[in-house]
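>>> what follows is a predicted protein model with its sequence.
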Amino acid sequence: MIDPGVAERSAGDPPLAGRPSELSDSAGDPSPAGRPSALRVWILAIRPATLPAAIAPVLVGLGVGLSANVFRPGPALGCLAVALLLQVAANLANDLADFRSGADSADRLGPVRVAVTGLASPRALTIATALVIGLACLVGIYLASIGGIVLIALGALAIVSALAYTGGPWPYGYRGLGEVFVFVFFGLVAVIGTAYLQTGVVDALAVLAALPMGCLAASILVVNNLRDIDGDRRAGKRTLAVSFGPGFARGEYVAMLVVAFAVPVVVWLAGLAQSPAALLPIVAIPLAIPLVRIVLDDGDARRLNPVLRGTARLELAVALLFAAGLAVGGR
């Protein structure tokens, strides 16, 4: 799932670890030890800034259904719940796994991690992860009762993917496969699965509509890995950015954004959408231009923190525009 290094602070700030006063609950006073409240700790742990990557593909899948004049509220809410729960589970599991492996340290460039800073114990994170996965399974059973046994298999694979990004005996995030898994589960599986539960079929529009979401979700991870390239190299985390260098990662980011904006054009030219409204995602290109400029600039890695937030917002904007365009345009 999306490696939740999506930044929650301004570029140029020093690392959050070791600055407990900045972690205090904004809604109240910090605890006597300068620690944030329990609520604030768990908000930090679930990393709300990563959640647009879970919401966006579900919206596009619903747009595919609406293009066929179909909307089923129960499956729609179920898909949204599962997507959010699995993203949260991935965030919690990643926090714990990176702490145990030593990939996280007090001088990391991204937002605070609750395990390495001692804000949450490994046992608490393990229990929380299990509870969230349990909730996702309950909702998944409901969706499987509608869509069939294939959804049970996909759900099981999604859970394994969430846990195995940096955990387990073969953490795929350490082997350069993070972008592949994110593209598959936050693009293909999420969009096509949502559309299938709406329409009962898997068609070319659903497959094509999944590509921008997969690319934009993966591009968030690309920026995260570009920012963390030095720390990942020291920790033995062989991301694509580590293996092929920062130039490759920058090109990868640009290529993914190009594909994301090209697909709606293909959808319209191929006649899969009957209205130019399918081209609405192009309106979001101005949001992408400053992000690309920062990524291509070889400067302080902390400058990439706003790009992480910006790319997440870009994905959500593209999803809203694409879903609306498909729904209005029909087919």
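That came through, no problem.

>>> how far away is the nearest residue to residue 125 once chain neighbours are set aside from residue 212?
Once flanking residues are discounted, residue 125 sits nearest to residue 96: 4.4 Å by C-beta to C-beta, 6 or more residues apart in numbering. Any C-beta I mention is one placed from the backbone N, CA and C, and that applies to glycine too. In this view, residue 96 and residue 212 are 31 Å apart by C-beta to C-beta, to the nearest Å.

>>> ok, now residue 200?
23 Å.

>>> equivalent analysis for residue 226, please.
21 Å.

>>> so these two - more neighbours on which side?
Remark: of residue 226 and residue 212, residue 212 carries more neighbours, 28 against 25, as counted by other C-beta atoms under 10 Å.

>>> tell me which element the more buried one is part of?
Following DSSP states H and E, one finds residue 212 within helix 204-227.

>>> what is the mean pLDDT for that helix?
Here helix 204-227 scores 96 as its mean pLDDT.

>>> by contact count, what packs against it?
When contacts are defined as 3 or more C-beta pairs under 8 Å, 6 or more residues apart in numbering; DSSP states H and E, helix 204-227 sits against helix 52-67, helix 178-183, helix 190-199, helix 240-244, helix 246-269, helix 305-329.

>>> including mean pLDDT and mean neighbour count, could the ones you listed go into CSV?
Converted to CSV, the helices and strands packed on helix 204-227 look like this (pLDDT from 0 to 100; neighbours: other C-beta atoms under 10 Å):
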stretch, mean pLDDT, mean neighbour count
helix 52-67, 96, 27
helix 178-183, 95, 22
helix 190-199, 97, 26
helix 240-244, 95, 20
helix 246-269, 97, 19
helix 305-329, 95, 23
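
>>> take the ones you listed and write them to JSON lines, including distance to residue 127.
Listed next are the helices and strands packed on helix 204-227 as JSON lines, based on distance: least, C-beta to C-beta, whole Å:
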{"stretch": "helix 52-67", "distance to residue 127": "22"}
{"stretch": "helix 178-183", "distance to residue 127": "25"}
{"stretch": "helix 190-199", "distance to residue 127": "27"}
{"stretch": "helix 240-244", "distance to residue 127": "32"}
{"stretch": "helix 246-269", "distance to residue 127": "35"}
{"stretch": "helix 305-329", "distance to residue 127": "28"}
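
>>> of all the ones you listed, which one comes closest to residue 290?
helix 305-329 (7.4 Å; C-beta to C-beta).

>>> returning to that earlier point: gap between the helix holding residue 212 and the chain center?
In terms of C-alpha atoms, centre = their mean, to the nearest Å, the centre of helix 204-227 is set 9 Å apart from its chain centre.

>>> just the buried residues of the helix or strand that it is followed by, please?
Once helix 204-227 ends, the next helix or strand along the chain (criterion: DSSP H and E) is helix 229-235. Neighbour counts over helix 229-235 (16 or more other C-beta atoms under 10 Å) mark 229, 231, 232, 235 as buried.

>>> what's helix 229-235 packed up against?
helix 240-244.

>>> may I have the helix it packs on as PDB, with CA atoms only?
Provided in PDB are the C-alpha atoms of helix 240-244 (Å, rounded to 0.1, in the frame of the first residue of the first chain):
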ATOM      1  CA  LEU A 240      14.000   1.500  -7.600                       C
ATOM      2  CA  ALA A 241      15.400   4.900  -6.600                       C
ATOM      3  CA  VAL A 242      18.200   3.200  -4.800                       C
ATOM      4  CA  SER A 243      18.900   0.600  -7.500                       C
ATOM      5  CA  PHE A 244      18.800   2.900 -10.500                       C
END
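
>>> helices or strands next to it in the packing?
helix 204-227, helix 229-235, helix 246-269.

>>> the same query, at a cut-off of 10 Å, please.
Using 3 or more C-beta pairs under 10 Å, 6 or more residues apart in numbering; DSSP states H and E, the elements in contact with helix 240-244 are helix 178-183, helix 204-227, helix 229-235, helix 246-269.

>>> and of those helices, who's closest to residue 193?
Checking those against residue 193 by C-beta to C-beta gives helix 204-227 as the closest, at 9.1 Å.

>>> give me the buried stretch members for that closest one, please.
So helix 204-227, judged by 16+ other C-beta under 10 Å, has buried residues 205-227.

>>> got the angle for the helix holding residue 212 vs helix 246-269?
If you take axes from the mean of the first three to the mean of the last three C-alpha atoms, to 10 degrees, helix 204-227 sits at 160 degrees to helix 246-269.

>>> three-state assignment of residue 274?
For residue 274, the assignment made with DSSP: H, G, I helix; E, B strand; the rest coil gives coil.

>>> please apply the same query to residue 170.
Recorded secondary structure, residue 170: coil (three-state DSSP).

>>> and it, what does it touch?
Listed by C-beta atoms under 10 Å, 6 or more residues apart in numbering, the contact set of residue 170 reads 164, 177.

>>> I'm done for today, thanks for sticking with me.
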